[in-house]
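>>> below are the sequence and a predicted model; questions follow.
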Amino acid sequence: MRFLCLYKPVKKEGTPPTHEDMAEMGKFVEEMMKSGKLLATEGCLPSERGARVRLANGKFNVVDGPFAEAKELIAGFALLQTESKEEAIELSKRFLKVAGDGETEVRQVYDPGDFDQGVAPCGERTANA
Amino acid sequence: MTATAIHNTIDAVWRIESAKLIAGLTRIVRDVGLAEDLAQEALVAALEQWPESGVPEKPGAWLMATAKHRALDLLRRKQMLDRKHEQLGRELEALERTVPDWNTALDDDIGDDLLRLMFIVCHPVLSSEARVALTLRLLGGLTTDEIARAFLVSETTIAQRIVRAKRTLAREHIPFEVPRGKELPLRLSSVLGAIYLIFNEGYSATAGDDWMRPALCEDALRLGRILAELVPQEAEVHGLVALMEIQASRAAARTGPEGRPVLLLDQDRARWDRLLIRRGLAALERASALGSERGPYTLQASIAACHARAPVAEETDWKRIVELYDALARIMPSPIVELNRAVAVSMASGPDAALELVDALTTEPSLKGYHLLPSVRGDLLAKLGRFDEARAECERAASMTRNAREQELLLARAREFAARSAVSDK
């Protein structure tokens, strides 16, 4: 199963990470890659570089960043492939220890590769090796 | 936390830590079987203690420390025992040399240990069944019962297979090391082979009621991704990962309503997993950038990529696929590759040319029990309007497979060809 982990730090956005922070996070991401469980991950630039696009009653409303809320700003995401929700939680704990105070929202994502009742067609292996 | 919650957390920690734990311990005790026993003992200790004490701050380190402790006890007992036997003095010296090494061994890059563990459990001295079972058990963190269910054999069979494999490794004094020089390509191909075997059993089960065993595909993919991080300089590792990612990307589209199989060219490509395709193509690029000459996995991944890149089946570059099969047949000549090549030829140049190739394979002894030969031949005959012969081939293929789902599909096709044969007779 796959989980989308959204990280929302307590720290005010725009605080640049120190060299040590960067190195530690780099090491952590490398370890996660080596676990074979991290499918994708990115970190966000401050919200002043972004925008919010809303649709209400058929009308668009685009608000440029920065966003006023101090909390609940997404600072990055990770897409994990794990055996259980508990495993995603455990990995999120490890991430938070490196990233610092804040919250990670762990959401199971619809996974077309969940192979739920998958059936292999006969001859497919022949047709594509 | 409730008892169940703690139990689930321990399970999760075990999934994350077990391979690293066993790898690190094997480095210390130089015996895969003993290392696994020690890791299991640490797990039992966690199951006993964590519900009372709570989950420790660093659960992985806790497990390692506990296992290390047991290992130390064991070595001490062994040393005491050895003192009684002077002839074992030399072994004692060796053991004493091991002990100071202890902490550095634990702090060392765990990646190296994992890699050594992969090489030892896939050692050519073991049968391929043993390699697969040991890989899933020690690196995949699966229980014996889970492996048994995945391969539809009894738990006892798998347990015995694992015990025998461990004994063989100990008896043959297989070193816990990363092979170098001329030995490396051979040993690496043994590791890649075991991973691909696991993947294929998950992707196209050889027997049983289900066509796919998804968990096995995921285990194989994870092992492949780990290996690609550990030996990033090896092109074929990326080739294998690319092949598995791209094949796995089609998983959801391979099933129609009621779990019926959907052939590659009939699949709804919107249901292909774009993330896996992207990862697969990126891995293929890494493989191509590394190797001047493409190996068998990279070539097969390149073929899979041709399908992945085609937005609709009609736009598939069959000419390119035939070329890739030509290249594959050159470095890995096999009747099965020939059969696959024939399918590509039929798409690129028509069924006549392909049937000629397939007919040449009918006398091939190694394909005697291979159901895909009559299956492919049946398809080609049907394309040529020879429905009666096509029906007979599909029926023959159905009688040769042990997989229930595949049998259903082949028999359905046989019925379809029979009906068309009746129509064309009128």
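Perfect, thanks for sending it.
>>> phi and psi next, for B:V153.
Here is the backbone geometry of B:V153 (degrees, to the nearest 10): phi -120, psi 170.
>>> so what's it up against?
Contact partners of B:V153, counting by CB atoms under 8 Å, 6 or more residues apart in numbering or on different chains, are absent. All C-beta atoms are positioned from the backbone trio N, CA, C, and that covers glycine.
>>> nearest spatial neighbour of A:Q108, skipping sequence neighbours?
Taking CB to CB, 6 or more residues apart in numbering or on different chains as the measure, A:Q108 lies nearest to A:F3, with 5.5 Å between them; neighbours along the chain are not counted.
>>> who does the one you found form a beta bridge with?
A:L80, A:Q108 (DSSP bridges).
>>> was I right about it contacting A:R107?
Yes - applying CB atoms under 8 Å, one finds A:F3 in contact with A:R107, separated by 6.5 Å.
>>> quick one, what contacts the residue nearest to A:Q108?
A:L79, A:L80, A:T82, A:K85, A:A88, A:V106, A:R107, A:Q108, A:V109.
>>> the same query, at a cut-off of 10 Å, please.
A:37, A:39, A:78-82, A:84-85, A:87-89, A:91-92, A:104-109, A:111 (CB atoms under 10 Å, 6 or more residues apart in numbering or on different chains).
>>> again, but for B:L134
Per CB under 10 Å, 6+ apart, neighbours of B:L134: B:32, B:36, B:117, B:120-123, B:126, B:140, B:147, B:161-162, B:165-166, B:168-169, B:194.
>>> ok, now with 7 Å
Residues counted as contacts of B:L134 (CB atoms under 7 Å, 6 or more residues apart in numbering or on different chains) are B:V121, B:L126, B:I162, B:A165.
>>> so which of those is surrounded by the most neighbours?
Ranked by neighbour count (other CB atoms under 10 Å in any protein chain shown), the contacts of B:L134 have B:V121 at the top, with 29 neighbours.
>>> I'd like to know how far B:I321 sits from chain A.
Counting by CB to the nearest CB, to the nearest Å, the gap from B:I321 to chain A is 8 Å.
>>> surely that residue touches B:A305?
No - the criterion here is CB atoms under 7 Å, and B:I321 misses it with B:A305 at 10.0 Å.
>>> those two: who's more crowded?
Set side by side, B:I321 and B:A305 show more neighbours around B:I321, with 26 against 23, by other CB under 10 Å.
>>> pLDDT value on B:K78, please?
B:K78 carries a pLDDT value of 76.
>>> now swap in B:G140 and tell me
pLDDT for B:G140: 89.
>>> cool, and B:V337?
B:V337 is given a pLDDT of 91.
>>> please report phi then psi for it.
Phi and psi for B:V337, reported as degrees, to the nearest 10, are phi -60, psi -40.
>>> what of B:L324?
The phi/psi pair for B:L324 (degrees, to the nearest 10) reads phi -70, psi -40.
>>> and the gap between it and chain A?
B:L324 is 9 Å from chain A, by CB to the nearest CB.
>>> same question, B:A165
Taken as CB to the nearest CB, the span from B:A165 to chain A is 23 Å.
>>> in which helix or strand does that residue reside?
Assigned by DSSP states H and E, B:A165 belongs to helix B:155-171.
>>> if I look at A:M25, how far off is B:E57?
Per CB to CB, to the nearest Å, A:M25 is found 19 Å from B:E57.
>>> and these two? Which one has more around it.
Shown here are A:M25 and B:E57; by other CB under 10 Å, A:M25 has more neighbours (17 against 9).
>>> what residues are up against that one?
By CB under 7 Å, 6+ apart, the neighbours of A:M25 are A:V98, A:A99.
>>> if you set the cut-off to 6 Å instead, what comes out?
For A:M25, the contact set (CB atoms under 6 Å, 6 or more residues apart in numbering or on different chains) comprises A:V98.
>>> tell me which helix or strand it sits in.
Counting by DSSP H and E, A:M25 is part of helix A:19-34.
>>> quick one: distance of that helix to the chain centre.
Helix A:19-34 has its C-alpha centroid displaced from the chain centroid by 15 Å (CA atoms, centre = their mean, to the nearest Å).
>>> could you point out which element follows it?
As assigned by DSSP H and E, the chain's next helix or strand after helix A:19-34 is strand A:38-43.
>>> confidence score at the residue in the stretch 1-150 of chain B that chain A sits nearest to?
Nearest residue of the stretch 1-150 of chain B to chain A, counting by CB to the nearest CB: B:A12, 3.8 Å away. pLDDT recorded at B:A12 is 92.
>>> I'd say it and A:K85 touch.
No - using CB atoms under 6 Å as the test, B:A12 is too far from A:K85 to be in contact (8.5 Å).
>>> how close does B:A287 get to B:P232?
Per CB to CB, B:A287 is found 11 Å from B:P232.
>>> comparing these two, which residue is more hemmed in?
A side-by-side neighbour count of B:A287 and B:P232, using other CB under 10 Å, places B:A287 first with 27 against 12.
>>> which residues does the more buried one contact?
B:A235, B:H238, B:G239, B:T298.
>>> check these against chain A, which are close?
Restricting these to those touching chain A (CB under 6 Å from any CB of the partner chain) yields no residues.
>>> closest one of the residues you listed to B:K20?
Relative to B:K20, the closest of the contacts of B:A287 is B:H238; by CB to CB it sits at 22.7 Å.
>>> how many neighbouring residues does that closest one have?
For B:H238, the neighbour count with other CB under 10 Å is 29.
>>> for the one 4 residues further on, same thing?
Using other CB under 10 Å, B:A242 is surrounded by 30 other residues.
>>> OK, contacts around it?
Residues in contact with B:A242 (CB under 6 Å, 6+ apart) are B:G280, B:A283, B:L284, B:A301.
>>> done for today, thanks.
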